[in-house]
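1. compute the structure for the input listed below.
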Amino acid sequence: METDTGKVKNMNRIWYLIDAKGKVLGRLASEIAILLRGKNRVNFDKSVDLGNYVIVINAEKIKLTGQKEEQKLYRYHTNYPGSLKEIPYTRLRREKPEFIIKKAVTGMLPDNKLRRKFIRRLKIYKGDLHPHSAQNIEILS
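-> Next comes the predicted model:
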């Protein structure tokens with residue numbers, strides 16, 4: 001299965017489907033990060049990419065705990081003087097709910113070269129429908 005260079009041959013990745021409806025953002029993001037890294041496998045190795053694919057549906061129906069619904073802000077800087085931008089959670093949830101889950105999961109993945117590979121296998125969709133019905137999908141509740 002593993003070669004002498006650390007690359008995996010004949011890797012069969014599992015496709016997981018997660019419905020985000022009514023789930024708490026942080027708990028869902030940590031569950032997704034575990035699946036993307038492959039930590040649920042018996043032969044897990046932190047330096048080898050053994051992760052799976054994860055499909056998330058109903059991204060707009062995610063929940064936050066406490067007062068975060070009104071108070072949470074997403075900040076970024078455009079590298080120009082005085083250009084710190086802030087987007088409130090409610091507006092981002094309305095316009096791009098996929099970004100909220102992707103950012104939370106990205107923050108829970110390791111900050112190395114494998115992060116980009118992991119995040120590419122995360123597919124997030126706004127509604128109930130997704131185009132990955134051809135794969136053998138394992139549904140997680």
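2. where does the residue nearest the centre of the chain fall, phi/psi-wise?
-> Centroid-nearest residue in the chain: residue 105, 4.1 Å away (criterion: C-alpha atoms, centre = their mean). Note on residue 105: backbone dihedrals following degrees, to the nearest 10 are phi -70, psi -40.
3. quick one: it from residue 79, how far?
-> 25 Å (C-beta to C-beta, to the nearest Å). Quick note: C-beta positions are derived from backbone N, CA and C, even for glycine.
4. low-confidence ranges, this protein, go.
-> Low-confidence segments of the chain, defined by pLDDT under 70: 1-9.
5. check contacts around the residue of the chain positioned farthest from its centre.
-> Relative to the centre of the chain, the most outlying C-alpha is that of residue 81, 31.7 Å out, by C-alpha atoms, centre = their mean. Contacts for residue 81 (C-beta atoms under 8 Å, 6 or more residues apart in numbering) come out as none.
6. quick one, what contacts residue 135?
-> 15, 53.
7. from residue 91, how far out is it?
-> Distance, residue 135 to residue 91, by C-beta to C-beta: 33 Å.
8. summarise which helices and strands the host helix or strand of residue 94 is packed against.
-> Using DSSP states H and E, residue 94 sits within helix 89-95. Applying 3 or more C-beta pairs under 8 Å, 6 or more residues apart in numbering; DSSP states H and E, one finds that helix 89-95 contacts helix 68-71, strand 73-77, helix 97-108.
9. done for today, thanks.
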